[in-house]
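J.: Mind folding the following:
(one chain, ligands or ions: 1)
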Amino acid sequence: MTVINAFTVDLEDWFQGLTSTNVHPENWGNLEARLEINTHRLLGLLAEYNVRATFFVLGNVAERYPDLIRRIDAAGHEIGVHGYWHLMVHRLSREHFAEEMDRALERLRPLVSRPIIGHRAPYFSINGQCLWALDVLHEKGFHYDSSFFPTRNMLYGYPDSPRFPHRREQNQLIEFPVSTARWLGITWPIAGGFYVRSLPLTIVKAGIRQLNRQGQPMILYMHPWEMDTGQHYSAVTFRERITHYHGRAGLERKLRGLLSEFRFGPLAELIPAVMAPA
Ligand SMILES: [Zn+2]
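T.: Numbering: from 1, shown residues only. Sure thing, here's the model as predicted:
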C-alpha cells in the first residue's frame, strides 16, 4: 500500500519566525506584511496537485486574518495550533504555555469547521526538558503534537526522541516527529523548509523513499515565507540570512517534484495508522 505522507505548514509571517524580530511584537505592525500573498500562492500550488495539508496557525495570525483562515479551512485543509506569540515552549512555564493554547484556540475555533486536534510548537521547541507540554495539550483536548525534531541544528533539536510517529504512554497523545533519514549511521534532517531549500531534490526524494519503504510517512513542514522571493529585509543576522533566505527561488520547483511523485495528506489522516500499525 502506498504510504500517505504529511504536508504541514506553519502559518506565520516572516517576522514572527525570525528570532531577531519575533521578540519585538510591538514592532510587527511596522514590518511589511507578506503572509496573505505567500499563503495564496501556496494554496494555489496545493490545489493544483489536489493535496490537502495541515496548517498550524499562530493565534496572532488568526486574529489578524480571520478570512484567510476561513478560506484555508473551506479548501479542506486541517487547521492546528502554532501557539499565539510564537514563543519557545521550553522557556515557558506550564501555566504560560496553557495560556498560549487557550488564547490561540479562542481565536481559531470560531473560524474553522472541524475540531482542532493538532499542535506544533514554534521552533520545534518541545524537547526532553518540557514534556509536561504534552500533558497540557492532552488536557486541552488535542489528539496529537508534531514538535519533536529528532536531531540537532543551530537553533533547536531533541536528538534522543523517537524518530517515528508514536503514541505517548503517559498521556496517550500521538507525537508525529518531523522526519529524518538515516544514512551512514547518522540521523539527517531532510523534511523541512530549510532542508528542502538547501538539499538537492534527489536527496530529499531518497529520504522519503527510505521512510516509505519502512512503512513510515514523511512529515514535511514549510512556511509560506519560504516561497517569497519578492521580500528583502536587510537587518537579519548572519544565521538568519542562511536559515531563512537560502534557496527560496528553487523551493516551488522542488515542492512540485515532491507533490507529483508522492502522496500527501493532512496529519489527522495519519492517526489511524499510528493507532493500529500494519
Ligand atoms: Zn513557526
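
J.: doesn't residue 14 make contact with residue 244?
T.: Yes: if you go by Cβ atoms under 8 Å, residue 244 and residue 14 touch, sitting 7.3 Å apart. The C-beta positions use only the backbone N, C-alpha and C, and glycine is treated the same way.

J.: Residues that sit against both of those two, list them.
T.: Listed as contacting both residue 244 and residue 14 by Cβ atoms under 8 Å, 6 or more residues apart in numbering are residue 225.

J.: list the contacts for residue 85?
T.: Contacts for residue 85 (Cβ under 8 Å, 6+ apart) come out as 25, 58-60, 100.

J.: go on, residue 80?
T.: Applying Cβ under 8 Å, 6+ apart, the residues near residue 80 are 54-57, 116-120, 146, 267.

J.: Check whether the helix or strand where it lies comes near the ion.
T.: Residue 80 belongs to strand 78-81 when assigned by DSSP states H and E. No: judged by Cβ under 5 Å from the ion, strand 78-81 stays clear of the ion, getting no closer than 11.3 Å.

J.: picking that back up, which members of the contacts of residue 85 are classed as buried?
T.: 58-60, 100 (16 or more other Cβ atoms under 10 Å).

J.: Which single residue of this structure ends up nearest the ion?
T.: Nearest residue of the chain to the ion, counting by Cβ to the ion: residue 10, 4.0 Å away.

J.: With respect to residue 237, which of the contacts of residue 85 is nearest?
T.: Distances from residue 237 to the contacts of residue 85, taken as Cβ to Cβ, are shortest for residue 25 (18.2 Å).

J.: any idea of the pLDDT on the closest one?
T.: Note on residue 25: pLDDT of 91.

J.: how about it, what does it touch?
T.: Applying Cβ under 8 Å, 6+ apart, we find residue 25 in contact with 60, 85.

J.: residue ranges of the helices in this protein, please?
T.: Secondary structure of the chain (DSSP state H): helices at 14-17, 19-22, 35-48, 59-64, 66-74, 94-108, 132-139, 193-198, 201-213, 238-245, 248-261, 271-275.

J.: Among those, which comes closest to residue 88?
T.: If you check each of those against residue 88 by Cβ to Cβ, helix 19-22 wins as the nearest, at 8.9 Å.

J.: near the ion, anything from the helix or strand of the chain with the lowest mean pLDDT?
T.: Scoring the helices and strands of the chain by mean pLDDT, DSSP states H and E places helix 238-245 at the bottom, with a mean of 78. No: applying Cβ under 5 Å from the ion, one finds helix 238-245 separated from the ion by no less than 11.3 Å.
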